[in-house]
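S.K.: take this sequence and fold it.
(one chain, ligands or ions: 1)
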Amino acid sequence: MRKLAAGNWKMNGLSAQLAEVAALIAAHPQPRSEVLLCPPATLLAPMAQAAAGRIALGGQDCHPNSSGAHTGDISAAMLADAGAAFVILGHSERRADHGETDALVRAKAGAAAKAGLVAIICVGETEAQRDAGETLAVIAGQLAGSVPDAASPQTTVIAYEPVWAIGTGRTPTLPEIAEVHADIRARLTARFGAAASGFRLLYGGSVKPSNAAAIFALPDVDGALVGGASLKAADFGAIIAALDAA
Ligand code: PEP
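M.R.: The predicted model follows:
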């Protein structure tokens, strides 16, 4: 399994920021890990040109339908056409801001697979759910509802992103991260059998150069989904180097 360092630029980035991609590629010409950037849709095509196949690109969402009267939405086929190979689905910001349900995320994952995109399906608990001791149950429900029955390691990556750790500078403890990742692997094994060992499980939530190595040393952590720290080539590069060394 090739580890995955995925960057989520969210609603950040104008064309001037493509210079960060050039800097990242120059500093890490041959990473052992797979490197992915998910810019805003407006930057996908120019970033694909800048990346010239050296890093993978992804979208941040897609519509479950392949085309039609859905103003403002973007289909998985359109992302692929613009140069994407991945798409982030069910990010907690979309679940919260756009009311996305597990069923919708599952439908989007089906559309992604149909378009040949790898879906990075996000799961994670709120702080209130963690405090109430519901973390594993919440994630089990999200996995059961969001991950299609046809999912495989080739079509699907799972990202564990505690909602309260995103963009806050706070993270779970290392044993807490390990506990959730082990539980996700066990639930995938119960559902998909031996294939479960091939699914890449990412941790996301305030990953930065200073904590990356310790997180990547944990069992069942096969990479990271990185928000803020993926915007700067120096920070994301340091995270890639930590993953390469893990
Ligand atoms: C994210 O948005 O997926 C994320 C993990 O953000 P950050 O790294 O900024 O916490």
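S.K.: can you get me a residue count around Ala51?
M.R.: 19 (other CB atoms under 10 Å). Glycine gets a C-beta too; all of them are placed from N, C-alpha and C.
S.K.: and the residue in the chain that the ligand sits nearest to, how many neighbours does it have?
M.R.: Nearest to the ligand, among the residues of the chain, is Gly227, at 2.2 Å (CB to the nearest ligand atom). Look at Gly227: counted by other CB under 10 Å, it has 22 neighbours.
S.K.: how about stretch 74-85: buried residues?
M.R.: Ile74, Ser75, Ala76, Ala77, Met78, Leu79, Ala80, Ala82, Gly83, Ala84, Ala85 (16 or more other CB atoms under 10 Å).
S.K.: quick one, phi psi at the last one?
M.R.: Torsion angles at Ala85 (phi, psi; degrees, to the nearest 10) stand at phi -120, psi -10.
S.K.: please, where are all the helices along the protein?
M.R.: 18-27, 41-51, 76-81, 92-97, 102-114, 127-131, 135-146, 174-192, 209-216, 233-245 (DSSP state H).
S.K.: in a markdown table: those, plus mean pLDDT.
M.R.: As requested, the helices of the chain are exported to a markdown table (pLDDT from 0 to 100):
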| stretch | mean pLDDT |
| --- | --- |
| helix 18-27 | 95 |
| helix 41-51 | 96 |
| helix 76-81 | 98 |
| helix 92-97 | 96 |
| helix 102-114 | 98 |
| helix 127-131 | 98 |
| helix 135-146 | 98 |
| helix 174-192 | 98 |
| helix 209-216 | 98 |
| helix 233-245 | 98 |
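S.K.: redo the ones you listed as CSV? Include distance to the ligand.
M.R.: Output for the helices of the chain, formatted as CSV (distance: least, CB to the nearest ligand atom, whole Å):
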stretch, distance to the ligand
helix 18-27, 15
helix 41-51, 16
helix 76-81, 17
helix 92-97, 7
helix 102-114, 15
helix 127-131, 14
helix 135-146, 15
helix 174-192, 13
helix 209-216, 11
helix 233-245, 10
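S.K.: just put those helices in CSV and tack on distance to Ser66.
M.R.: Below are those laid out as CSV (distance: least, CB to CB, whole Å):
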stretch, distance to Ser66
helix 18-27, 28
helix 41-51, 16
helix 76-81, 5
helix 92-97, 19
helix 102-114, 7
helix 127-131, 34
helix 135-146, 20
helix 174-192, 26
helix 209-216, 36
helix 233-245, 32
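S.K.: quick one, which of the ones you listed is nearest to Lys10?
M.R.: Closest of the helices of the chain to Lys10 is helix 92-97, at 7.2 Å (criterion: CB to CB).
S.K.: coming back round to it: quick check: the residue of the chain closest to the ligand vs Thr126, distance?
M.R.: According to CB to CB, to the nearest Å, Gly227 and Thr126 sit 17 Å apart.
S.K.: before we move on, what about Ala144?
M.R.: The value you get for Ala144 to Thr126, if CB to CB is used, is 18 Å.
S.K.: do the same with Arg54
M.R.: From Arg54 to Thr126 the distance is 37 Å (CB to CB).
S.K.: and for Ala80?
M.R.: 32 Å.
S.K.: and Ala241, by the same measure?
M.R.: Going from Ala241 to Thr126 by CB to CB gives 32 Å.
S.K.: looking at these two, which is more packed in?
M.R.: Between Ala241 and Thr126, counted using other CB under 10 Å, the more crowded position is Ala241 (19 against 16).
S.K.: which residue packs closest to the more buried one, ignoring adjacent ones?
M.R.: Closest residue to Ala241 apart from its sequence neighbours, by CB to CB, 6 or more residues apart in numbering: His28 at 7.3 Å.
S.K.: what sits against the one you found?
M.R.: Counting by CB atoms under 8 Å, 6 or more residues apart in numbering, His28 makes contact with Val35, Gly237, Ile240, Ala241.
S.K.: my read: the first one touches Gly58, true?
M.R.: Looking back up the chat, that one is Val35. No. With contact defined as CB atoms under 8 Å, Val35 does not reach Gly58; the gap is 11.1 Å.
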